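J.: model the following, please.
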Amino acid sequence: MLRLGLVGIGAIANDYIGLIAGGKVQDVELTALCSRNEAHIREAMQSYGLQAAAFTNYGAMLASGYVDAVLICTPHAQHPGMTRQALEAGLHVLVEKPVGIFADEVADILPMLEERPE
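T.: I've put the predicted structure just below:
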């Protein structure tokens with residue numbers, strides 16, 4: 001079972017939460033939610049009946065030991081930096097498109113991905 005943490009709770013994140021909580025994604029459990037807005041976390045947990053850890057600090061979620069992978073659903077400009085942080089924490093990363101806005105920021109994380117092909 002893959003323990004997934006989701007960061008950035010907006011429209012697209014709710015689509016993913018619904019699919020995972022609804023059992024449409026096999027062998028994945030949402031074990032953590034992260035948002036700067038605590039109300040978004042509470043609403044998602046109540047709407048989908050989740051029993052996940054709640055974080056308002058992304059670094060704290062990464063270091064928590066509750067997740068094996070993260071799904072990044074934040075504003076596009078944050079994707080490369082958040083991807084880098086998750087990779088540095090030894091986690092698997094799924095990023096909502098686009099991976100980044102600027103090609104040089106995306107290019108900077110490619111060597112990290114090559115080091116961890118798993």
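
J.: contacts, neighbours, all on C-alpha from now
T.: Noted.

J.: I'd like to know how far E43 sits from L2.
T.: Separation of E43 from L2 (CA to CA, to the nearest Å): 23 Å.

J.: dihedrals phi and psi, the residue nearest the centre of the chain?
T.: Centroid-nearest residue in the chain: L71, 2.6 Å away (criterion: CA atoms, centre = their mean). When read as degrees, to the nearest 10, the backbone of L71 gives phi -120, psi 120.

J.: any idea of the pLDDT on it?
T.: Per-residue pLDDT puts L71 at 98.

J.: could you do the one 3 residues further on as well?
T.: pLDDT recorded at T74 is 96.

J.: same question for R116.
T.: 80.

J.: and what of A11?
T.: A11 is assigned 89 on the pLDDT scale.

J.: could you measure from it over to E114?
T.: Distance, A11 to E114, using CA to CA: 31 Å.

J.: secondary structure element holding M45?
T.: When elements are assigned from DSSP states H and E, M45 belongs to helix 38-48.

J.: in a strand, that's where T74 is, yeah?
T.: No: T74: not assigned to a strand; according to DSSP: H, G, I helix; E, B strand; the rest coil it is coil.

J.: please report how far the residue nearest to it when sequence neighbours are not counted lies from Q26.
T.: Nearest in space to T74, with sequence neighbours left out and distances taken as CA to CA, 6 or more residues apart in numbering, is G8 at 4.5 Å. Distance, G8 to Q26, using CA to CA: 22 Å.

J.: who has more neighbours out of these two?
T.: Comparing G8 with Q26 by neighbour count (other CA atoms under 10 Å), the higher total belongs to G8, at 22 against 10.

J.: run through the helices of this structure in chain order.
T.: Assigned by DSSP state H, the helices in the chain fall at 11-21, 38-48, 58-63, 79-88, 103-115.

J.: out of the ones you listed, which one sits most buried?
T.: Mean neighbour count (mean count of other CA atoms under 10 Å) peaks for helix 79-88 among those, with a mean of 19.

J.: could I get the average pLDDT for that one?
T.: 96.
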